[in-house]
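# Please work out how this folds:
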Amino acid sequence: MTEKPTDALSDLADQIDDEFEVYRQPNEFKDISLVIDNDERIHPTLIVHIDGDDASSLADRLDKFLQECGAQTQREQYSESDIRVLATLD
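Residues are numbered from 1 along each chain as shown. Here you go, the predicted model:
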């Protein structure tokens, strides 16, 4: 039995949470937020929202990490401190 795409993305989100935990401290503003967009059932997307002064370099690190995990990534930049990295798995 193969893993559902949303389960695989949830596992990937857990890996991000472990790898970048310093940016995701409980009870504090989070520089990194994680959301799984499951509207498109065939290709759900993990949305990694990066916010803060260090957003660009953090987005570079996240993008590289996601690609090393086998994800296809796309970046959306709304400002210097507001970036989203979208990740999908095949």
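
# nearest spatial neighbour of the residue nearest the centre of the chain, skipping sequence neighbours?
Centroid check for the chain by Cα atoms, centre = their mean gives Val48 as the closest residue, at 3.1 Å. Nearest residue to Val48, sequence neighbours excluded (Cβ to Cβ, 6 or more residues apart in numbering): Val85, at 4.5 Å. For the C-beta atoms, the positions are set from N, CA and C on the backbone; glycine is no exception.

# Unless I misread the structure, the residue nearest to the centre of the chain falls within a strand.
Yes - under DSSP: H, G, I helix; E, B strand; the rest coil, Val48 sits within a strand.

# correct me, but it touches Lys30?
No - using Cβ atoms under 8 Å as the test, Val48 is too far from Lys30 to be in contact (11.1 Å).

# Could you check the pLDDT of the residue nearest to the centre of the chain?
Predicted confidence (pLDDT) for Val48: 95.

# Give me the residue ranges of this protein where confidence is low.
1-3, 40-41 (pLDDT under 70).

# Please enumerate the strands of it.
Secondary structure of the chain (DSSP state E): strands located at 32-37, 45-51, 72-79, 82-88.

# List of residues touching the last one?
Going back to what we said before, that points to strand 82-88. Residues outside strand 82-88 that contact it (Cβ atoms under 8 Å, 6 or more residues apart in numbering) are 9, 12, 43-51, 55-56, 59, 62-63, 66, 71-78.
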